[in-house]
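Colleague: okay, structure incoming, though there's no sequence with it:
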């Protein structure tokens, strides 16, 4: 039998009927009880508060550059001085750790990552001073904490559950991989943040677009006796989508931090157009694929890609304003009859990008913590950011031998459970076409799959922070399935809630156990060895 809205078309195109089909029955936020409205904001805030404590307490430890901070923090200081990267003299790290910056030279430095993330690091150094180790890492910790809040809100919206929103936020707050990334100034935490913001903006755009579609189709139906008539062939144009513009800005900043953000731009751009196709199909539009492409897809491209491109170029403002940044004057020295009509600054920047691309694709040097992307599922080779082994009497060590470590090792229960959840969601999407599963898988794939294309390139496990929020969402959705639906029998709901609760409690307890090796706390050497569950973790 045909759906009721097909059998009764005059009632099918009222605004309420369209909204019910497109978005589902939802209680208005204004009519929701005040206690629930309070928890809508309070639950994400509390999880972010917990995560903030784990990130900001002792943030200045260790009081020295660790791992790749040697590049990005010093580049950030250079930005504060001249707006672009400059070379450093030998043994610059020793001086920099002591708050002495005389090793900064006047010659431009060749770097292969865009400026956005380094400008964000520079912000913390500007606030607290370049000699403050807390200031070095402030922006990373702030972004890591805000990401918890954003992820909890996204989970609430996707799953329509304050409890599941709190679960997602809490799991992200206590996971060690996210904690380490938030306590050290590397670029990948900023890639994750801007990609997550873009995803959230497109999630809001999804509902906004469907509300617009319902409003415009119902208006057209009223004007034509209750049925939109020929307007059902392709459907109406939905106007300027402001949340898509916001996503374009976020994706421009994501790419402006690392070029791996390009994969999020491509994946999210396709995802939002597919969402529009689905909306037009559900609304009853005949040529819903062509309608979505012509009426929405072209404008989606204009709203996202050019906006991202302009935002990306804006992150290079310091380079454009300089007179002697690296490759800044390449074009005048290399005139072109073919491309001479392009401004010299843009030609110079293009040449800079081409050399950087060749560097990235040709990077295959060996490294003790190199980790093939396939191993990320089980955390086969986490990266050691910092390690010191004082003996008794040194640096307050009271055991025969101690260890002070920073290891980008995730919470095993969260990571192994999250990897299984990703595989499970593939089946959920195939079987049920659940849009939430599909969206999570798109975000995960954008952050993970591209690294499979470069099996010989030198890559590290900490790159996985880019897709971690989507892994957390996958795990949360599976826990929600375990907890059951509102209409399930009470015993089913109780058992599901008990299992999910035990999982979350164990995850928090496991994070407490591993926290010392995430936050550079000094522990006995044997206690550290007890945390190394796999030989490849050492």
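Modeller: Right, received. Where do you want to start? Keep in mind that this is a model prediction, so the values were computed, not measured.

Colleague: use CA for all of it now, contacts and neighbours both
Modeller: OK.

Colleague: could you list the buried residues of whichever helix or strand residue 105 is part of?
Modeller: Assigned by DSSP states H and E, residue 105 belongs to strand 104-108. By neighbour count with 16 or more other Cα atoms under 10 Å, strand 104-108 contains the buried residues 104, 108.

Colleague: stretch 141-161 too?
Modeller: 141-159.

Colleague: quick check: mean pLDDT of that stretch?
Modeller: In this model, stretch 141-161 carries a mean pLDDT of 97.

Colleague: from here on, count from 11
Modeller: That works, and once the first residue is 11, the last one we named lands at stretch 151-171.

Colleague: which residues are contacting the strand holding residue 115?
Modeller: 88, 94-99, 102, 334-336 (Cα atoms under 8 Å, 6 or more residues apart in numbering).

Colleague: one more time with 7 Å, if that's ok
Modeller: 95-99, 334-336 (Cα atoms under 7 Å, 6 or more residues apart in numbering).

Colleague: ok, and what's touching whichever helix or strand comes after that strand?
Modeller: Downstream of strand 114-118, the next assigned helix or strand under DSSP H and E is helix 126-138. If you take Cα under 7 Å, 6+ apart as the criterion, helix 126-138 is touched by 82-83, 85-87, 90, 145-146, 148-149, 195, 197, 200, 263, 266-267, 325.

Colleague: out of these, which end up buried?
Modeller: 82-83, 85-87, 90, 145-146, 148-149, 195, 197, 200, 263, 266-267, 325.

Colleague: the host helix or strand of residue 91 packs against which elements?
Modeller: Assigned by DSSP H and E, residue 91 falls within helix 79-92. The elements that helix 79-92 packs onto, with contact taken as 3 or more Cα pairs under 7 Å, 6 or more residues apart in numbering; DSSP states H and E, are helix 126-138.

Colleague: go through the helix it packs on and flag the buried ones.
Modeller: Quick answer for helix 126-138 (16+ other Cα under 10 Å): 126-136.

Colleague: please pull out the lowest mean pLDDT helix or strand from the protein.
Modeller: Ranking every helix and strand in the chain by mean pLDDT, DSSP states H and E puts helix 14-17 at the bottom, with a mean of 54.

Colleague: got the residue ranges for the strands in the stretch 61-210 of the chain?
Modeller: Along the stretch 61-210 of the chain, counting by DSSP state E, counting those that start in this stretch, strands occupy 96-98, 114-118.

Colleague: in a markdown table: the ones you listed, plus distance to residue 432 and mean pLDDT.
Modeller: Conversion of the strands of the stretch 61-210 of the chain to a markdown table gives the following (distance: least, Cα to Cα, whole Å; pLDDT from 0 to 100):
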| stretch | distance to residue 432 | mean pLDDT |
| --- | --- | --- |
| strand 96-98 | 43 | 95 |
| strand 114-118 | 44 | 94 |
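
Colleague: as TSV, those with distance to residue 433 would be great.
Modeller: Shown next, in TSV, are the strands of the stretch 61-210 of the chain (distance: least, Cα to Cα, whole Å):
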stretch	distance to residue 433
strand 96-98	45
strand 114-118	46
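
Colleague: of these, which approaches residue 465 most closely?
Modeller: Judged by Cα to Cα, the one of those that comes nearest to residue 465 is strand 96-98, at 31.3 Å.

Colleague: residue 456 versus the most centrally placed residue in the chain, what's the distance?
Modeller: When Cα atoms, centre = their mean is applied to the chain, the residue found nearest the centroid is residue 202 (2.6 Å). Using Cα to Cα, to the nearest Å, one gets 11 Å for the distance from residue 202 to residue 456.

Colleague: which one in this structure is furthest away from the centre?
Modeller: Furthest out from the centre of the chain (Cα atoms, centre = their mean) sits residue 235, at 47.1 Å.

Colleague: that residue - nearest residue in space that isn't next to it in sequence?
Modeller: Closest residue to residue 235 in three dimensions, ignoring its sequence neighbours and counting by Cα to Cα, 6 or more residues apart in numbering: residue 20, at 7.9 Å.

Colleague: over to residue 168?
Modeller: residue 446 (6.7 Å).

Colleague: okay, now that neighbour: neighbour count?
Modeller: 18 (other Cα atoms under 10 Å).

Colleague: now it: which helix or strand?
Modeller: helix 445-458.

Colleague: please apply the same query to residue 333.
Modeller: Assigned by DSSP H and E, residue 333 falls within no helix or strand.
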